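1. what's the 3D shape of this:
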Amino acid sequence: MLSALSVTSLLRAAAVSLTVLAIAAPGPVLAQDAQQQAPQGLSESVAATVNDDIISTYDLVQRMRLLIVTTGVQPTQESLPGLQREALRSLIDERLQMQELHRVEKQQKLDLVATDQEVTDEITDIAKSNNTTAEALLGSLAERGVDPVTFRNQIRTNISWQRWIAGRYGSRLRVGDDQIKALLQRQADSATKPQYLVSEVVLDAARVGGMETAQTGAEQLVAQLQQGAPFAAVARQFSSAPDAGAGGDMGWIAANEVPTEVAQALEAMRPGQLSRPIPVKDGFYIVLLRDKHAGATSQLVNLKQVAVALPADAPPEAVEAARVTLEGVRPKLKGCEDLEAIAGKTDGVLVGDLGEAEVKDLTPSFREAVEGLQPGQISAPIRTAAGLHLVAVCAKRSSGSQGLSHDQMEARLYNMQLSQISKRYLRDLKNAATIEVR
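-> Next comes the predicted model:
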């Protein structure tokens, strides 16, 4: 019997993963004719062709078994058609991906497809992370009727495809600092509002065959989740959201970060509650509200300053000279990172770390300046009784908030861009392919 096993691809930055689970107790796995592996010698029929590459009915049954084991879903007569569609869709996608990888390998003389040893190493890592061995893992899958070759093929495709996408596009992606700062500011502005810790499954109507199919699939998934199927495993296999590889984990969010229909559902839910299917413009959401809090009551800022010391009764010409000095330094500063290195070289200028403080506790002149600044921005010169100051906002957060750091936000945006590129690439391959489902 398998325990909850997490299968993560080699390129974790792309957030592509698969979770392997055992069904807690014996029960129906597939329809009667799919309970046992096909005996040797029996012929197989064709389930689909992808550019003349055949997907057999045996391939399809095997993938359905793997899908059931990986999600913990207990199949029923009503849900089997949906499981079959998802299994066939994933097989078609993987055939297209491997065909493209082989084409590029031949054209560019690259080694893209993961070797047997790389696949074995990945399975070994999976097993170690779950306190077992590769042999025991594959044996447990075999006990559930899953041919190890089926499992290895899926891992091979995931590793190879993500390596190709990251290698071809990863170095070209740029997450703008302005984009990061804008999202951090939005996060800070939302921190005083109700916060929700959410996991999601998103069913894209275009991907599954229309709104009616998406609704049916969402209702069946909700029924399975209510019966104990692990949410993260279901999200990994069925969700089309960029966070599917992370089990649908959205982290802490505010209502303005999700569609209005989803926000309204979250407002009415209690922690631990699973939503019904939520219709949106392009499909359906299923959300699990893991926790919520009312929002922070105070805002904290981490500040540094560049200053010229001046007495309170300094003559106007001295104040003006200090202003000219600071205005000359200010354009050279890109934020808190280079503040000491650049401003510290200017004669008569003092550089200091003011640490973290609540905005409400700052002096009125500092508070007024800081409230309008985003992390990484620097104020205009501020006159106080002690001198003339430039104030740099290094970070801004709300007390008790669970917000992302600058680096975490950058990583999230990067991974989302890489995920979207992968989806568009696969969509283009599919549009250009000849696919026949029997």
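
2. send the alpha carbons of the helix or strand where Ser160 lies over as CSV?
-> Here Ser160, judged by DSSP states H and E, is contained in helix 148-169. Included here for helix 148-169 are C-alpha records, laid out as CSV according to Å, rounded to 0.1, in the frame of the first residue of the first chain:
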residue,chain,number,x,y,z
PRO,A,148,6.3,0.8,-14.2
VAL,A,149,6.9,1.8,-17.8
THR,A,150,3.8,4.0,-17.7
PHE,A,151,5.1,5.8,-14.6
ARG,A,152,8.6,6.1,-16.1
ASN,A,153,7.3,7.5,-19.4
GLN,A,154,5.4,10.2,-17.6
ILE,A,155,8.4,11.2,-15.5
ARG,A,156,10.6,11.2,-18.6
THR,A,157,8.3,13.5,-20.5
ASN,A,158,7.9,15.9,-17.6
ILE,A,159,11.7,16.2,-17.0
SER,A,160,12.5,16.5,-20.7
TRP,A,161,9.8,19.0,-21.6
GLN,A,162,10.5,21.3,-18.6
ARG,A,163,14.2,21.2,-19.2
TRP,A,164,13.6,22.2,-22.8
ILE,A,165,11.2,25.1,-22.0
ALA,A,166,13.5,26.4,-19.2
GLY,A,167,16.6,26.1,-21.4
ARG,A,168,15.1,27.8,-24.4
TYR,A,169,13.1,30.5,-22.7
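
3. helices or strands next to it in the packing?
-> Contacts defined by 3 or more CB pairs under 8 Å, 6 or more residues apart in numbering; DSSP states H and E place helix 148-169 against strand 17-20, helix 57-71, helix 80-108, helix 116-129, helix 134-143, helix 406-432. The way it works is simple: take the backbone N, C-alpha and C, and place the C-beta from them, glycine included.

4. mind redoing it with 6 Å?
-> helix 80-108, helix 116-129 (3 or more CB pairs under 6 Å, 6 or more residues apart in numbering; DSSP states H and E).

5. hang on, Trp55 in a helix?
-> Careful, residue 55 is Ile; it's not Trp. No - counting by DSSP: H, G, I helix; E, B strand; the rest coil, Ile55 is not part of a helix but strand.

6. that one: what's it in contact with?
-> With contact set as CB atoms under 6 Å, 6 or more residues apart in numbering, Ile55 has these partners: Ala47, Ala48, Leu91.

7. now, which of those residues sits nearest Leu141?
-> Leu91 (17.4 Å; CB to CB).

8. what's the domain layout of the chain?
-> 5-172, 192-296, 299-398 (automatic domain parsing).

9. between those, which one is closest to Gln179.
-> Per CB to CB, nearest to Gln179 of the domains of the chain: domain 299-398, 11.6 Å.

10. low-confidence ranges, the protein, go.
-> 1-43, 188-192, 295-298, 398-404 (pLDDT under 70).

11. how about 50 then?
-> Scanning the chain with the threshold set as pLDDT under 50 gives 1-42.

12. what residue of it is the furthest out?
-> The C-alpha centroid of the chain is most remote from Pro315, which lies 56.8 Å away (CA atoms, centre = their mean).

13. where along the stretch 201-350 of the chain do the strands fall?
-> Under the criterion DSSP state E, counting those that start in this stretch, the stretch 201-350 of the chain carries strands at the ranges 249-254, 273-274, 278-280, 283-293, 299-309, 350-358.

14. how distant is the fourth one from the center of its chain?
-> Right, strand 283-293. Chain-centre distance of strand 283-293: 15 Å, with CA atoms, centre = their mean, to the nearest Å.

15. direction-wise, compare it with strand 249-254 and give the angle.
-> Here strand 283-293 points in a direction 70 degrees away from that of strand 249-254 (axes from the mean of the first three to the mean of the last three CA atoms, to 10 degrees).
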